[in-house]
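Novice: Please work out how this folds:
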Amino acid sequence: MVKPSLRREMAQKAVAHVRCSIRLACVTFSVSESCYRYLGKLNSENAEIADLLVRLTHHQRNWGFGLCFCICAT
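Specialist: Residues are numbered from 1 along each chain as shown. Next comes the predicted model:
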């Protein structure tokens, strides 16, 4: 089984290189057109939270995810 993200990449390559339609590529690789067109949005806040979690887990190695999440959520 191939991951949806990989199927989306294959469909994008088919459209770019073979010049088939987006609809045909999506049907061929079993990808919805909304998945094909999806662009993830990066948020600067996500980088800050990730940095905080990395520093927190580095200093408190025995804390689980739940406690780290509670600390970051406040």
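Novice: Hmm, E33 and R23 touching each other?
Specialist: Yes. Between R23 and E33 there is a contact under Cβ atoms under 8 Å: 6.9 Å. Any C-beta I mention is one placed from the backbone N, CA and C, and that applies to glycine too.
Novice: can I assume P4 is in contact with V31?
Specialist: Yes. The criterion here is Cβ under 8 Å, and P4 meets it with V31 at 6.8 Å.
Novice: Give me the more crowded residue out of these two.
Specialist: Between P4 and V31, counted using other Cβ atoms under 10 Å, the more crowded position is V31 (22 against 13).
Novice: Kindly report the domain assignment for the chain.
Specialist: Per the record, the chain has its domains at 4-37, 44-73, by automatic domain parsing.
Novice: And the helices in this protein?
Specialist: Assigned by DSSP state H, the chain shows helices spanning 4-13, 22-28, 33-37, 44-59, 65-73.
Novice: Out of these, name the one with the poorest average pLDDT.
Specialist: Among these, helix 65-73 carries the lowest mean pLDDT, a mean of 69.
Novice: for the domains of the chain, which one ends up most surrounded?
Specialist: Highest mean neighbour count of the domains of the chain: domain 4-37, a mean of 14 (counted as mean count of other Cβ atoms under 10 Å).
Novice: From K3, how far out is the residue most central in space within the chain?
Specialist: For the chain, G40 is the residue whose C-alpha lies nearest the centre (Cα atoms, centre = their mean; 6.9 Å). G40 is 15 Å from K3, where distance means Cβ to Cβ, to the nearest Å.
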